[in-house]
Each structure stands twice: as structure tokens, then as C-alpha cells.
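K.L.:
Need the 3D shape of this:
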Amino acid sequence: MPLKLNLGSRPASLFRISQCHSGVRSRFQSTSSTVPNHRRHLDRAKSNHHNQQSPHVETVVGDISLDSFRKSAWIPETPLLLRASQNFPAIQKWFQYGNDSSHTGFSHYMKAFEDIVLPYELTVTHGSRPSSLGSEENILLEFLRWLRESQEYKDSYLPVVVEAIIQSIGSKPQPDENPLKFQQLDAPLSLIMSACQFNKTRNDPAECIKNLYVAQSNLSFLPEPLTQYLPVPDIVKHAGKGDIYSSSIWLGLQPTYTPLHRDPNPNLFCQLVSSKKVRLMTPSQGDGIYARVRRELGSYGNSRFRGAEMMGGRERELLHHAVWDNVPVDEVSLDSGDALFIPKGWWHSVASGGKEGELNASVNWWFR
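P.N.:
Okay, the predicted model is just below:
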């Protein structure tokens, strides 16, 4: 029998909402997967942003042996893009796809697991034009109305969850407060499943729910009927000592974003649905940029923890500007079935590359 969390009629105990002053929660880690038998080709990856050859990131199309992976990436500790190499069964089992490759949603199979509680992040523009049809608060109010009228969700606890989210973002910002409000909450899988359905009813991406992200949710928290469709890749199991430090699933409504950081262990990151862009920096280059941002802020930070300041405050703005606007760094794009090996100590920032309001999904493992 699939594991389901029966939360009964106690919606208040179902979820936790913490605002940007609530502290720090560990977040950063990556993903990987198994390698099918295709032809192998090694060449230099090209930077999508600058349309130039990347000086650091090699690309393998199809299969790569463990020995070749060790020689190309593991031993020299350099990134490696594994193109069309990660054919997870979850790509087909968990999701259903529209005819035009847009409007990807969750499959009927996932309905049995909709009560599983997961860690979410939500970033909204605080106090932005409440009279605007496309303001985040009005979109959430429209989502709440849709839930209450839905035959599928009107008698569930989801309207209570969404109402609590609306109340938490409804306060007016202080004059010196950053307009971006970052929140963390624990809520059932059905929240993003229903939001995905709601977005399919919208004609304009500006009227869709965005920036809702199941972020860094450990695979060990998922029931076996789900994790069986995300088998641990051979690279993760055999390239090093076979020590899997951690793993995560990432499910979001675009845009999704992770600021500049570095992982304490090597990371294999695999894209399941839609696309993501990853900007990479060598340890020394990233050290310099991160230190410069911290000096400008007049503070010190931990680049391995995802804090509220990094996600919603001025630190986010400065890090984004430093990484995505000016610096000529390596950038790779991951599509469904692609994976990226990120060595320990390499700095990286990740952003979704698809249409606003569409579903984005990734999985990763940190290993040694």
C-alpha cells in the first residue's frame, strides 16, 4: 500500500509558515541519475549566455564509463555536463505532458501521495500594487476562490492552507523593507499539484502562481513507491567511496531560483521536467565574488546555508547582480534527461529556464 499521511480534519497542524526573520535552514545540495547506453561524444560545452566556448565545462553526450568519468571529472575535480544521459522512470511515471510540451502536470499516479508534507518556499513581491490583476496577492485570492469552487478540493484542507499564506503576506511593508518577501512553509504535495492545475486554467502567465518551490526535500522522506522511480545513478554509487551524503527533490512553479553557493560535497544534479540554467565559478572566483558581496553588506555569512537574507533581502539582489548580470562565467543549460556534475567547492547559482507558471522538476545527490 502506498504511504499516505492522513491528516484528518486538523489543517492547522499541517503546515508551518515562517517569514524572512525566522532564521536559517540548510538548503544547498545537488542531483544525479543512471546512464543509458548511447553513443559517446566528448566536446567543449558552450556558454548559452555569451555564445562562447566555456573554458571549464566539458560535455558528454550519451553514455560515459565510470573510468572515463573519473578521469574527466572526478579526479581533476572539474564540472562535467552529461547530456541526454539520465533517463529516470519518474520522468514518465510522476508527470503528464501536454501536446505542445507546455502545461506539464502531475500524473494520476501521484494522487495517492498528495498528503505527503514537504518543505516549500514562496517568494512574493511584498505589497505590490494590490489593485493589479496580476499582483501575487490577487492571484492567490483567485486560487483560493478556485479551490473553494473545485469539486476535487473544496472539502479539503487546502483552502485553509492558502488562506493562511495570504494572511501572512498581506501586511504592508515598512518604508525600508525589501519588496521581496521570502517565506518557508511545510504543506502537502497537493498544494503544488493543485496550483499546477489552477495555472492550466489561466490564459496569461502573469495570472499564474509563480515562485512556489518544494526545495531541497530529502528523498528519504518520500515513500518507496515514489523513490523506486528515482534509482541512484551508478556514478553516485561507484565513482567515489559510495558514500551518499544526501539527496533532494526540487519541484517548482517557474521561475525558481537558488542564489550563489557552494556544496560541502560533490553533487550530481539531474533535470526531470522543463529546463534550468546553472552558472558555475571556480572556487577562487566564487570566493572573491561572495566575499565582495559580504563586504558590501558589511556582514559575514555561510555560503552553505540558505538563509532568509540570502533569499529575500538585499543579499539576494547583490548576489544575483554579481552572478547573472556582469561576470563572464560558465553557464550551462539542462533539459529533461540532462545532468551536471558539480565538484566540491565549485560555486554555482541555478535558475529555471522555462515559461512562467509552468512546472519545473529536478533531483540530485551529494556523494563522496
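K.L.:
my hunch is that N87 is in a strand, does that hold up?
P.N.:
No - the assignment for N87 (DSSP: H, G, I helix; E, B strand; the rest coil) gives coil, which keeps it out of a strand.
K.L.:
in the stretch 51-200 of the chain, which spans are strands?
P.N.:
All strands of the stretch 51-200 of the chain, identified by DSSP state E, counting those that start in this stretch, fall at 52-61, 80-83, 95-96, 105-106, 117-125, 180-188.
K.L.:
Highest mean neighbour count out of the ones you listed?
P.N.:
strand 80-83 (a mean of 24; mean count of other Cβ atoms under 10 Å). (Each C-beta comes from the backbone N, C-alpha and C, glycine too.)
K.L.:
list the helices and strands that one packs on?
P.N.:
Judged by 3 or more Cβ pairs under 8 Å, 6 or more residues apart in numbering; DSSP states H and E, the packing partners of strand 80-83 are strand 52-61, strand 339-342.
K.L.:
Nearest approach to I91 belongs to which of these?
P.N.:
Closest of these to I91 is strand 339-342, at 12.3 Å (criterion: Cβ to Cβ).
K.L.:
Rounded mean pLDDT for whichever helix or strand comes after that closest one, please.
P.N.:
Toward the C-terminal end, the helix or strand that comes next after strand 339-342 (DSSP states H and E) is strand 347-352. Averaging pLDDT along strand 347-352 yields 96.
K.L.:
counting contacts, what elements does strand 347-352 pack onto?
P.N.:
Against strand 347-352 (3+ Cβ pairs under 8 Å, 6+ apart) you get strand 257-262, strand 276-281, helix 283-297.
K.L.:
Can you tell me which of these is nearest to C208?
P.N.:
C208 sits nearest to strand 257-262 of all the helices and strands packed on strand 347-352, at 16.3 Å, using Cβ to Cβ.
K.L.:
the inter-axis angle of the closest one versus strand 117-125?
P.N.:
Here strand 257-262 runs at an angle of 100 degrees relative to strand 117-125 (axes from the mean of the first three to the mean of the last three Cα atoms, to 10 degrees).
K.L.:
list the helices and strands strand 257-262 packs on?
P.N.:
helix 283-297, strand 305-307, helix 314-320, strand 347-352.
K.L.:
quick one, the longest one and strand 347-352 angle?
P.N.:
Relative orientation of helix 283-297 with respect to strand 347-352: 80 degrees, computed using the same axes, to 10 degrees.
K.L.:
can you give me how far helix 283-297 is from the chain middle?
P.N.:
A distance of 23 Å separates the C-alpha centroid of helix 283-297 from that of its chain, computed with Cα atoms, centre = their mean, to the nearest Å.
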